[in-house]
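Asker: Build me a model:
(one chain, ligands or ions: 1)
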Amino acid sequence: MERIYLDSNATTVVDPLVKQAMDPFYCQMYGNPNSLHRFGTETHPAMSIALDRMYKAIDADDEDDIIINGCATEGNNTVLKSVFMDTLAKGEPCHIITSQIEHPSVLKTCQYLEKEHGIEVTYLPVNKDGLVTLDSLKAHLVPGKTSLVSIMWANNETGLINPIKELAEYTKQNGVLFHTDAVQAVGKIPVSLKEVPADYLTFSAHKFHGPIGVGGMYIRHGNTITPLLHGGEQMGHKRAGTVNVPFVVGMGLAIELASQHLDYIDSDVRRLRNKLEDAILALPDTIVIGDRKYRTPNTILASFKGIEGEAFLWDLNQNGIAASTGSACSSEELEADATFQAMDMDNNLSHTGVRFSLSRFTTEEEIDVSIEVINKTVQRLRAISSTY
Ligand SMILES: Cc1ncc(COP(=O)(O)O)c(CN[C@@H](CS)C(=O)O)c1O
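Answerer: As a prediction, the model looks like this:
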């Protein structure tokens, strides 16, 4: 077997059906969707179908908005900076509550607003299971003072799923805006904005077999957003820039196909993940972070005592297996993993994390081969380890 991809939380393979649907919008229907001539207007039916698919996939109401943007990083930045701009315009202080385990696109944006604009940010800890708790939110949310609560639906490194419904409900009961970074939830587990009263939600196509470079920002009707990008009249003045028609078409079909495969992910992908996890746990001195009942069906964050995560990855890569030490965006950093630190894992453990993330394209044979390679790699690296 040439190579095995187990890094789907970083990005996923584009579904061939998605690529096929995108193709006509490069050399046949290539007009600017804002153009009034036929080259532009002929792109509208496909765009409309794509947006309908997105609304359906996240159970959004027709009156709500889904703004197409470049990625979830942009969406997260837009929501956080928009809330800050709104409080600034009203001459009110800005207090954002988020968690210690958010993606850097939330954490670093909050740190920027804190440092450069003096806003107050509360970074909620996680409990021993790695989850944000309602009690923790209750201890810090101040009605009339807190401007926004932003808690990720599922963590990209551990796969742990936060109790988003109860966190959002409590936030709304206290008249505060709620945002969730749903990048690792959409396309993996059911996401319903009729169930969860979030005001804003962000997602990204390349996490569910759509193209890299396009994302969606959901805005519940009645809420405003201050654009991050000003310019043309696209997206109702909420996000300037020519809309990337093939990418929108691709994200629309990808989110529909992902929704159609949720049961498969919950059953077959989960079974393969558990098979790999059980094999990892059969090795001495290994742990998996977070109880699998609280995790997305495709993710394992494992720690192999005595083996640096980077060394493990290098060996796996030499054997054709792709995994990661945590999130791809921090793969160059060698410091201890933030999620491990937030979970009070001891320092040695936090340097030994390896993330395996499957998808609906992962096969049983790939898992069987991966188990064989992981067993050999652990044996080899521990034999030369200075700490094991
Ligand atoms: C929870 C969460 N939130 C935001 C992002 C950013 O998505 P973009 O569309 O790439 O901007 C990601 C992407 N996480 C990848 C790359 S860092 C990972 O390896 O975990 C994410 O997982």
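Asker: number of nearby residues for residue 62?
Answerer: Look at residue 62: counted by other Cβ atoms under 10 Å, it has 7 neighbours. Just so you know, the C-beta spots here come from the backbone N, C-alpha and C atoms, and that holds for glycine as well.
Asker: Same question for the one 3 residues further on.
Answerer: In terms of burial, residue 65 registers 18 neighbours under the definition other Cβ under 10 Å.
Asker: quick one: it and residue 224 touch, right?
Answerer: No - in this structure residue 65 lies outside contact range of residue 224 using Cβ atoms under 8 Å: 10.1 Å.
Asker: biggest helix in the protein by residues?
Answerer: helix 364-383 (DSSP state H).
Asker: quick one: residue 68 and residue 238, what's the gap?
Answerer: 10 Å (Cβ to Cβ, to the nearest Å).
Asker: In terms of neighbours, single out the busier of those two.
Answerer: residue 68 (26 against 21).
Asker: Tell me who's in contact with the residue lying closest to residue 289 once chain neighbours are set aside.
Answerer: Sequence neighbours aside, residue 301 is the residue nearest to residue 289 in space, at 4.3 Å (criterion: Cβ to Cβ, 6 or more residues apart in numbering). By Cβ atoms under 8 Å, 6 or more residues apart in numbering, the residues touching residue 301 are 157-159, 288-290, 326, 339, 353-355.
Asker: Need the residues that contact the longest helix of the chain.
Answerer: 1, 4, 6, 272, 275-276, 279-280, 283, 286, 304, 306-307, 311-312, 315-316, 319, 321, 356, 358, 388.
Asker: And the helices in the stretch 51-200 of the chain?
Answerer: 72-89, 104-117, 134-138, 164-173 (DSSP state H, counting those that start in this stretch).
Asker: whoops, the stretch 201-350 of the chain was the one
Answerer: Using DSSP H, counting those that start in this stretch, helices in the stretch 201-350 of the chain cover 245-260, 262-264, 270-281, 309-318, 338-342, 347-350.
Asker: and these, which is most packed in?
Answerer: Of all the helices of the stretch 201-350 of the chain, helix 245-260 has the most neighbours on average by mean count of other Cβ atoms under 10 Å, namely a mean of 24.
Asker: For that helix, which outside residues touch it?
Answerer: By Cβ under 8 Å, 6+ apart, helix 245-260 touches 14-15, 17-19, 21-23, 25-26, 29-30, 33, 43, 46-47, 49-54, 56-57, 68, 186-188, 203, 205, 208-211, 213-216.
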